[in-house]
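Novice: next come a sequence and a model predicted from it.
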Amino acid sequence: MNYTPENSQILFTEEQIQSRIEELGKKITNDFAGKSLTMLVVLKGSFIFASDLARHIKLPMNIEFIGLRSYGDRISSSGVVEITMDLKHPIKDEEVLIVEDIVDTGLTIDYLIKNLKTRAPKNIYLASLLHKKEMTKLPVKIDYLGFEVPDKFVVGYGLDHAGKYRNLPFITHIL
Ligand code: 5GP
């Protein structure tokens with residue numbers, strides 16, 4: 001699967017993504033005003049989304065990172081998740097905003113939320129750039145959603161295929 005402009009169908013342009021993120025940032029800024037917020041960036045896929053979103057959140061928040069690897073293919077996501085890099089600071093009593101690239105079956109985020117709950121944060125919220133509603137196996141509440149996407153494999157803006165295409169500034173489906 002190789003990206004070329006000819007074999008790709010852009011789902012969201014750079015302008016559409018940036019404008020949606022600005023809206024989400026404003027909403028998050030209002031919702032968390034006066035609270036102690038920790039943004040938890042799920043690596044690797046959400047690093048670009050998170051860095052743009054963070055700059056639209058006008059609050060003195062902490063930014064932490066966690067690395068996850070999900071096993072299984074897309075059709076039969078196994079729900080087995082490995083933490084490849086853990087948090088470096090406690091999140092006890094914090095308002096935690098998880099930042100994900102995409103919620104597909106929901107298995108990965110369900111695992112992460114269950115794991116984080118054992119660390120006694122005050123509340124856990126979820127921001128996800130993309131959601132594939134029709135693939136849901138475990139329903140997950142997405143508090144701040146960028147866009148719904150059809151069940152197509154997408155790359156760009158942080159999302160990869162075999163490690164590549166994360167740096168495309170738009171989100172595209174490779175035909
Ligand atoms: P879930 O556990 O919700 O099924 O899958 C979540 C993970 O699967 C995402 O964090 C992402 O790494 C990967 N994933 C699911 N759909 C896509 C897709 O269309 N494109 C890419 N690049 N990764 C995807």
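Specialist: All right, it came through fine.

Novice: do the helix or strand where Ile83 lies and the ligand come into contact?
Specialist: Per DSSP states H and E, Ile83 falls inside strand 81-85. No - Strand 81-85 does not reach the ligand (CB under 6 Å from any ligand atom); its nearest approach is 7.6 Å. Backbone N, C-alpha and C define where each C-beta goes, glycine included.

Novice: so what secondary structure elements neighbour that strand?
Specialist: strand 62-70, helix 107-117 (3 or more CB pairs under 8 Å, 6 or more residues apart in numbering; DSSP states H and E).

Novice: any chance of the ones you listed in a markdown table, plus mean pLDDT?
Specialist: Below are those laid out as a markdown table (pLDDT from 0 to 100):
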| stretch | mean pLDDT |
| --- | --- |
| strand 62-70 | 94 |
| helix 107-117 | 95 |
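
Novice: which one of the ones you listed lies closest to the ligand?
Specialist: Judged by CB to the nearest ligand atom, the one of the helices and strands packed on strand 81-85 that comes nearest to the ligand is helix 107-117, at 3.2 Å.

Novice: tell me the spacing between the residue nearest to Asp86 when sequence neighbours are not counted and Ile98.
Specialist: Sequence neighbours aside, Ile66 is the residue nearest to Asp86 in space, at 6.4 Å (criterion: CB to CB, 6 or more residues apart in numbering). Ile66 is 9 Å from Ile98, where distance means CB to CB, to the nearest Å.

Novice: name the residues contacting each of those two.
Specialist: With contacts taken as CB atoms under 8 Å, 6 or more residues apart in numbering, Ile66 and Ile98 have Leu40, Val42, Leu112 as neighbours in common.
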